[in-house]
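S.K.: predicted structure and sequence below. I'll ask about it afterward.
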Amino acid sequence: MNLRPDYINAIAPFMDKRLVKILAGVRRCGKTTILSMIERELKNRNIAPDHIISRNYSNIAYDDYTAKKMYSDLKVAMNGKGRYYLLLDELQEVEGWEKVVNTLLENENVDIYVTGSNSKLMSSEISTYLTGRYVSIPVFTLSFKEYLQFKGKNEDEAKTLFDDYLLYGGFPIVAISNFDTAAAYQVVDGIYATVITRDISKRHKLRNKDLFDRVVKYIVENVGKTFSANSIRNFLKSEHRSVSIESVYNYIKWLSEAFIIYPCQRYDLQGKSVLKTQEKYYLSDISLKYSQMGFNRKMVSSLLENIVYLELRRRGYDVYIGKQAAKEIDFVAIRRNERIYIQVCDQFPEDSSRETDNLINIKDHYHKYVVCRDPLALGNDNGINIVHIADFLLTDNW
């Protein structure tokens, strides 16, 4: 088993606490493996195997499973004394699971861990049943550090292997295999198709899949660019397709809920407020773009942004696009009292001011970085750290 210790470390403080541990992320990002790691950790703590109950609700055996059946099954499995540990995988497949989990939490001696591929597991909708009694732990595809570990490589080889990471992305199934690029993208396309079919089309009774696919393609093509629902509608209109603004908003919402995309809002550095217009969107894994469009070198700059965005999210930062008057900062990342500013580029330009001026104009003491793939552009420029993206991703504390 390829281990992902960061997730066990994140979960460990909440083990044996009366809280439901919710791990949510895009399909095939490694949630089931994390549950297996939790099971191994429990056994290392001398929990009897018959007191660890695992269920995977994406299995065909649980098709059309009701909440009542789920409750009865778990009750029958808990047929002895002492605490039981419930590891419930892809729980969103069971409608009404919240009531079951809440009932068990209130009435049984249980410690509950659940995973899901829908962000409703992490939203305010579950607070009706689990008010103050759950902790959300987002799960992402492999970080660059994890990618190296899965490949059995050390950090001395990082700059060489970063281009592989950029080419293949971070889905674990791809990282542990020796696929060529065509096969790798075919695997990712299968993951994408499953999400569209099971998590969106089926759940939302999608009536015009062709139109939905065209909206998705527009979003994927414009990763890292600002656009609005209205600009999508106008683009489709130019293709002689008709779609309402409400439908576009719904499509974006469904893609976000299924963790295909993450929205990134703009933050006004002068007014210190979050702006409600012209968001950007980033993919849950860069390989999703390749699976739909193939790989093209012209994509690299926006995909480097995507990689940095995901790394910031993995480390618990709230991430925004910075707006300062007419200028834009690629990322403003905020975590409690910490803040960092980041510009991302492929090759560092000869005129360094193109990447540094926006950062220099921010008059505070927080760290500022230009992150690039240029191996020669390293150092410090007026207090701004210029770092190779591989080094940035592998640095524990920025």
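M.R.: Arrived safely.
S.K.: and the residue nearest to the spatial centre of the chain, how far from S242?
M.R.: Nearest to the mean C-alpha position of the chain, counting by CA atoms, centre = their mean, stands F140 at 4.1 Å. F140 sits 36 Å away from S242, going by CB to CB, to the nearest Å. Placement of C-beta: from N, CA and C, glycine included.
S.K.: low pLDDT regions in the chain?
M.R.: Confidence mapping of the chain against pLDDT under 70 gives the ranges 1, 122-125, 127.
S.K.: break it into its domains for me.
M.R.: Per the record, the chain has its domains at 5-138, 144-394, by automatic domain parsing.
S.K.: put together CSV for those, with mean neighbour count on each row.
M.R.: Output for the domains of the chain, formatted as CSV (neighbours: other CB atoms under 10 Å):
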stretch, mean neighbour count
domain 5-138, 17
domain 144-394, 17
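S.K.: measure H240 to E246 for me?
M.R.: Noted for H240: a distance of 20 Å to E246, by CB to CB.
S.K.: in the stretch 251-398 of the chain, which spans are strands?
M.R.: If DSSP state E, counting those that start in this stretch is used as the criterion, the strands of the stretch 251-398 of the chain fall at 261-268, 273-283, 318-324, 327-335, 338-344, 367-372, 379-381, 384-388.
S.K.: out of those, flag the one nearest G116.
M.R.: Closest of the strands of the stretch 251-398 of the chain to G116 is strand 261-268, at 16.2 Å (criterion: CB to CB).
S.K.: now for the closest one, which elements pack on it?
M.R.: Contacts defined by 3 or more CB pairs under 8 Å, 6 or more residues apart in numbering; DSSP states H and E place strand 261-268 against helix 245-257, strand 273-283, helix 300-314, strand 318-324.
S.K.: which of those sits closest to N337?
M.R.: Here strand 318-324 is closest among the helices and strands packed on strand 261-268 (CB to CB), at 12.5 Å.
S.K.: given the closest one, what are its sheet partners and their directions?
M.R.: Strand 318-324 pairs in its sheet with strand 261-268 (parallel), strand 327-335 (antiparallel), by DSSP bridges.
S.K.: okay, those in CSV with distance to S136 next?
M.R.: Below are the strands paired with strand 318-324 laid out as CSV (distance: least, CB to CB, whole Å):
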stretch, distance to S136
strand 261-268, 15
strand 327-335, 16
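S.K.: could you work out which of those strands reaches nearest to V370?
M.R.: Nearest to V370, of these and by CB to CB, is strand 327-335 at 9.4 Å.
S.K.: and of the strands of the stretch 251-398 of the chain, who's closest to L42?
M.R.: Once the strands of the stretch 251-398 of the chain are compared by CB to CB, strand 327-335 is nearest, at 29.9 Å.
S.K.: touching that closest one from outside, list them.
M.R.: Defining contact as CB atoms under 8 Å, 6 or more residues apart in numbering, one finds that strand 327-335 is touched by 267, 269, 305, 308-309, 312, 315-323, 339-344, 357-359, 361-362.
S.K.: okay, and G80 sits in which element?
M.R.: Here G80, judged by DSSP states H and E, is contained in no helix and no strand.
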